[in-house]
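[1] Dropping a prediction and its sequence here:
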Amino acid sequence: MKKRSKMLVALTLLMVLLASIGGCGNANKEGEESFTLRLLTEEYPDSYGLTDTNPMSLVVRQLIDAYEAAHEGIHIEAELLPSAPEEREARMEELRTEILSGGGPDLYLLQGSGEDALFTDAAQAMRNGLFYDLSTLYEADADLGEETLVSPVMDAGVIGDARYILPLRYNFPVVYTTEAALKAAGIDMETISSGVNALYDALAATEDPDWTRYAWPWYYSSPLCVFPDVVDYETQTVCLTADAVETYLRRVQALANVGITYPMSTSWDIYASLSQYPLKGGTVSFEENGGFSAAFLYVGGLDEALDVAVVTEALDMDLAMFPLRSVDGSLVADVTDWGAVGAGCEHPEAAYDFLRLLLLEDTQWERNRPPVPDGGFHGRVAAGWPVRAAGSVERLWDGYRERIFAHAAGSSTAARWANQILRTVDVTESDIPLLEEQIDVVRFGLPGEDDFRRNLMALCLSDGTDTDLEALSQELVDSLRWHVMEG
């Protein structure tokens, strides 16, 4: 049954992709030369990797098969960056040498940027001319449906009038809490939703570890999301000051002094949340079965919103969700997945024809549907929300629900209980208002963030009294300054 379901999904998506490609009129014409496009991607669990253990591998193979079927004479040769650290670094050095000499892959499908990435700073790589300008092809693509893409995120790939990168997924930090709990504690939701400073001050003032327990600030792929202005690439200066960093770290230290716990897994695993509650006439009462503690607040990401919305709906909770805004109240998002055409690509039109497939509805929503692996039932959207956000919630949930039902045949009694609950759940875009939030700043990630995250973890998991916050703050700013000067 499970294999049959996968085959039907694969065949359906392949037919849609073939139809969409055929309508573009870009198939390789008879008599034209045959050539190969080199595709570089990642071997990450939630990305595009082509390994059998990767939940996204089926979709990538479908894309390549569909493209090659519609473009006779064009072959796509995919390479995975190794995941083993030493092997990965060695291969990236080889690729960087090739790229800087005018060669390199024709297509890139990569995740963010940072110290472990091929392009440690994707924004700077755009300015250094390492990608092909897709603006003419993108603007002429009348069938793409640009109006339903999240424009601030898509604009992150634009420098001046040139479009070098096509963002594919994005994320931003989110606060999940209950209105009743906030009211009982005397915490004003409007105040704490104004920014991270107000949130941390209010939580520390409770002096209650139940409130600070999951307010951990290093959870996020981009821990610098709490700062709206970090680097100005045009003037090659660092905008972030050591004083601003130190002020933020002192607030984190205040939280740590009350109590922060490192969560070993998401609090919103659908089956873990549902299967523990007994059914009562086909329904379940969250409050009657204990619910969360009276004080509950969890800081997560947009990619967990589907999980949260499903559990909230199933258990009839009064849970609220709002963005964790930066120190000045702006909303900072980061690009978690992106695609680009190499500057040295000899066939940029053909490369764009493949890249655009990743922005089509069926690819965006099918590829981002949460996987349902053996032994796990997490509904977390894979590594970020699709940039084609309009209409995504219903499609993501419908596909995920189908997979849960197919997977759960013969599962435990608890899992079957959860399935009965899930059959009654209907999640729509109105259940995830986060998708309507205006995004102010979008970044790809920066070198130095991983060190900053490790420092935050060390600060939060100790009492912080022996930590030199001034030195940590200056270390971050110096690291950013060195990066900008190196170019």
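    All right, it came through fine. Residues are numbered from 1 along each chain as shown.
[2] and residue 161, how many neighbours does it have?
    Residue 161 has 7 neighbours, counted by other C-beta atoms under 10 Å. (Each C-beta comes from the backbone N, C-alpha and C, glycine too.)
[3] Verify the contact between it and residue 134 for me.
    No - the pair residue 161 / residue 134 is not scored as a contact, 11.7 Å apart, by C-beta atoms under 8 Å.
[4] longest strand of this protein?
    Taking DSSP state E as the assignment, the strand of the chain that covers the most residues is strand 332-341.
[5] Tell me the bridge partners for residue 41.
    In this entry, residue 41 is beta-bridged to residue 80, residue 109, by DSSP bridges.
[6] Just checking: what are the partner strands of the longest strand of the chain?
    When pairing is defined by DSSP bridges, strand 332-341 lines up against strand 107-110 (antiparallel), strand 165-171 (antiparallel), strand 441-443 (parallel).
[7] and these, which is most packed in?
    Highest mean neighbour count among the strands paired with strand 332-341 (mean count of other C-beta atoms under 10 Å): strand 165-171, with a mean of 26.
[8] what element comes up after that strand heading to the C-terminus?
    Remark: after strand 165-171, the chain's next helix or strand is strand 173-178, criterion DSSP states H and E.
[9] Parallel or antiparallel, list what pairs with that next one.
    Based on DSSP bridges, the pairing partners of strand 173-178 within the sheet are strand 297-301 (antiparallel), strand 319-323 (antiparallel).
[10] Export only the CA atoms of that strand, formatted as CSV.
    Only the C-alpha atoms of strand 173-178 are listed here, as CSV (Å, rounded to 0.1, in the frame of the first residue of the first chain):
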residue,chain,number,x,y,z
PRO,A,173,11.7,32.8,14.5
VAL,A,174,8.3,32.3,16.0
VAL,A,175,6.9,32.5,19.6
TYR,A,176,4.2,29.9,20.4
THR,A,177,2.2,30.4,23.6
THR,A,178,-1.3,30.3,25.1
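[11] Centre of the chain to it, how far?
    Between the centre of strand 173-178 and the centre of its chain there are 17 Å (C-alpha atoms, centre = their mean, to the nearest Å).
[12] contacts for that strand?
    Strand 173-178 is contacted by residues 189, 192-193, 199, 219-220, 225, 292, 296-302, 304-305, 308, 317-324, 434 when judged by C-beta atoms under 8 Å, 6 or more residues apart in numbering.
[13] and if you look at stretch 337-344?
    Residues from elsewhere that reach stretch 337-344 (C-beta under 8 Å, 6+ apart): 47-48, 99, 102-112, 122, 129-132, 134, 157, 164-169, 348, 351-352, 355, 358, 383-384, 444.
[14] give the contact list for residue 334.
    Residue 334 makes contact with 112, 170, 171, 172, 221, 222, 225, 442, 443, 444, 445, according to C-beta under 8 Å, 6+ apart.
[15] mind giving me the domain split of this protein?
    For the chain, the structural domains run 2-170+335-368, 173-330+448-486, going by automatic domain parsing.
[16] For the contacts of strand 173-178, which ChimeraX command selects only the ones that are buried?
    Of these, the buried ones go into a single ChimeraX selection, burial set by 16 or more other C-beta atoms under 10 Å:
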select :189,192,193,199,219,220,225,292,296,297,298,299,300,301,302,304,305,308,317,319,320,321,322,323,324,434
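[17] Assign residue 482 to helix, strand or coil.
    Taken by DSSP: H, G, I helix; E, B strand; the rest coil, the conformation at residue 482 corresponds to helix.
[18] Give the burial count for it, as a bare number.
    Here the number of neighbours of residue 482 (other C-beta under 10 Å) works out to 12.
[19] Just the pLDDT for residue 129.
    We have a pLDDT of 95 for residue 129.
[20] For it, the count of nearby residues, please.
    12.
[21] What of residue 233?
    Neighbourhood size, residue 233 [other C-beta under 10 Å]: 14.
[22] Pretty sure it sits against residue 122.
    No - using C-beta under 8 Å, residue 233 is not in contact with residue 122, being 11.3 Å away.
[23] For stretch 35-55, give the mean pLDDT please.
    In this model, stretch 35-55 has an average pLDDT of 63.
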